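Chemist: Here is the input, now give the coordinates:
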Amino acid sequence: MNAPIETAGRHEESSQFHCGEDVNWGVVQYHFGDLDGILIATRGRRGSAASNHLAELMAKLTALGRQLGEGLSAPDAAHVGNLVWNTLCGIVVAQTTWPEPVDQSRDLQTLVDVVSTYIELRR
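Modeler: Predicted structure coming up:
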């Protein structure tokens, strides 16, 4: 079955979506289920440099979360943290799956605006 999927505003048939050299979306779904499955499957192939980089990134995100959450209730701080994390994950997926670089500057500015406004209203 060729189920339509949307990729960054572009509709394609799942069997025609090209994910890499001689690999289409149907193959990815069969082996991994979805893009999260791909990311999980590649986790074991990371070298120590990539793992160290990810650990540093997580430490910086944790510090940012603490700074943004200061003065907020725990649920509000969690909402802000989840929004930041999910937006960054979406940007990474867009960058890794789209065949050419995607300008995310407007998305990042919107994230800053939304988080800033949310924090101002909650403090």
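Chemist: quick one: secondary structure of residue 71?
Modeler: coil (DSSP: H, G, I helix; E, B strand; the rest coil).
Chemist: Domains in the chain, by residue range?
Modeler: According to automatic domain parsing, the chain comprises the domains 1-45, 53-123.
Chemist: Could you tell me the least trusted of those domains?
Modeler: Comparing those by mean pLDDT, the weakest confidence falls on domain 1-45, with a mean of 54.
Chemist: Against which helices or strands is the top helix by length along the chain packed?
Modeler: In the chain, ranked by residue count with DSSP state H as the criterion, the top helix is helix 74-97. In terms of contact count using 3 or more Cβ pairs under 8 Å, 6 or more residues apart in numbering; DSSP states H and E, helix 74-97 is assigned the packing partners helix 48-69, helix 105-122. Every C-beta, even on glycine, is put in place using the N, C-alpha and C of the backbone.
Chemist: For those helices, give me JSON lines that also has mean neighbour count and distance to residue 96.
Modeler: Listed next are the helices and strands packed on helix 74-97 as JSON lines, based on neighbours: other Cβ atoms under 10 Å; distance: least, Cβ to Cβ, whole Å:
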{"stretch": "helix 48-69", "mean neighbour count": "12", "distance to residue 96": "14"}
{"stretch": "helix 105-122", "mean neighbour count": "12", "distance to residue 96": "15"}
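Chemist: Quick one: the ones you listed as JSON lines, columns for distance to residue 78 too.
Modeler: Putting those into JSON lines (distance: least, Cβ to Cβ, whole Å) gives the following:
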{"stretch": "helix 48-69", "distance to residue 78": "8"}
{"stretch": "helix 105-122", "distance to residue 78": "12"}
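Chemist: Please name whichever of those is nearest to residue 82.
Modeler: Nearest to residue 82 among those is helix 48-69; the distance by Cβ to Cβ comes to 9.8 Å.
Chemist: quick one on the thing from earlier: show me the contact partners of the longest helix of the chain.
Modeler: The set of residues that contact helix 74-97 without belonging to it, under Cβ atoms under 8 Å, 6 or more residues apart in numbering, is 7-8, 19, 35, 61, 64-65, 68-69, 72, 101-102, 104, 107-108, 111, 114-115, 118-119, 122.
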